[in-house]
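In: okay, predicted coordinates and the sequence, questions at the end:
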Amino acid sequence: MKKRWIIVVAVLLTITFNVFSESNEKIELTSYSGILKQIAGNWFLNTGEDIIELSLAPDAFLKENKIELTSKMELSVNGILQEDKLIVHSLVIEEIELPIRDAAGEALWKNKPYYVNPDKCIGCRLCVSKCPNGAITMVKGVAVIDTDKCDGCGICADGDGEKYQGCPVNAIKQTE
Ligand code: SF4
Ligand code: SF4
């Protein structure tokens, strides 16, 4: 009986240690410097060796925080490469670091995520490739938004200011 209690306590201690370690896990960021370039509404960094697509923050957030980006400007960014995009945690402009995500990698903006009305979606897939965060997938012919990945930029619903005009059947809305 005593042995069983020792095992239970040991298991609980292990679980507590793991949870504590995970919550304190430090995110390793990589820095990249280069020349900024906007292509079809998306930002890219030309490092001289690579051209990396940047996942930044919604324009409204950048504007509010007086972060003005222009093509050809020199920029350093700190972030994490995920698939073929750099999830930017902070930008460095003229030696000033401007965070756009917190230490845990959470976005500092608070836009509510978007969702798709499955009854309206006609499965055209137009929104899927336009999402800068890869938050939209097709499930049984209908677009579905992963709210954990969605940062509420609104591109899927309202367009990217370039060729994409937003969902053609108004199937995407922001959560209330
Ligand atoms: S653009 Fe609209 S209709 Fe087309 S897949 Fe996305 S949600 Fe569905
Ligand atoms: S609002 Fe739409 S385009 Fe923007 S991150 Fe969310 S799902 Fe992607």
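Out: Here it is on my side, so go on. Ligands and ions are numbered 1, 2, ... in the order given.
In: OK, contacts around residue 145?
Out: When the contact criterion is C-beta atoms under 8 Å, 6 or more residues apart in numbering, the partners of residue 145 are 113-116, 131, 135-136, 156, 172. Quick note: C-beta positions are derived from backbone N, CA and C, even for glycine.
In: same thing but at 7 Å, please
Out: Counting by C-beta atoms under 7 Å, 6 or more residues apart in numbering, residue 145 makes contact with 113-116, 135-136.
In: tell me where this structure has strands.
Out: Read by DSSP state E, the chain holds these strands, from start to end of the chain: 30-39, 42-46, 51-55, 74-82, 85-93, 96-99, 114-116, 136-139, 142-145, 172-174.
In: residues near the spatially closest residue to residue 68 that is not a sequence neighbour, how many?
Out: Computed as C-beta to C-beta, 6 or more residues apart in numbering, the closest residue to residue 68 that is not its neighbour in sequence is residue 62, at 7.6 Å. Residue 62 has 17 neighbours, counted by other C-beta atoms under 10 Å.
In: tell me how far residue 62 lies from residue 173.
Out: Look at residue 62 and residue 173: by C-beta to C-beta, to the nearest Å, they are 23 Å apart.
In: returning to what we had before: out of the contacts of residue 145, who's nearest residue 123?
Out: Ranked by distance to residue 123 (C-beta to C-beta), the contacts of residue 145 are led by residue 116 at 10.4 Å.
In: chain neighbours aside, what residue packs nearest to that closest one?
Out: With C-beta to C-beta, 6+ apart as the criterion, residue 116 has its nearest non-adjacent residue at 4.7 Å, and that residue is residue 143.
In: pull the contacting residues for that neighbour.
Out: So residue 143 contacts 116, 121, 127-128, 136 (C-beta under 7 Å, 6+ apart).
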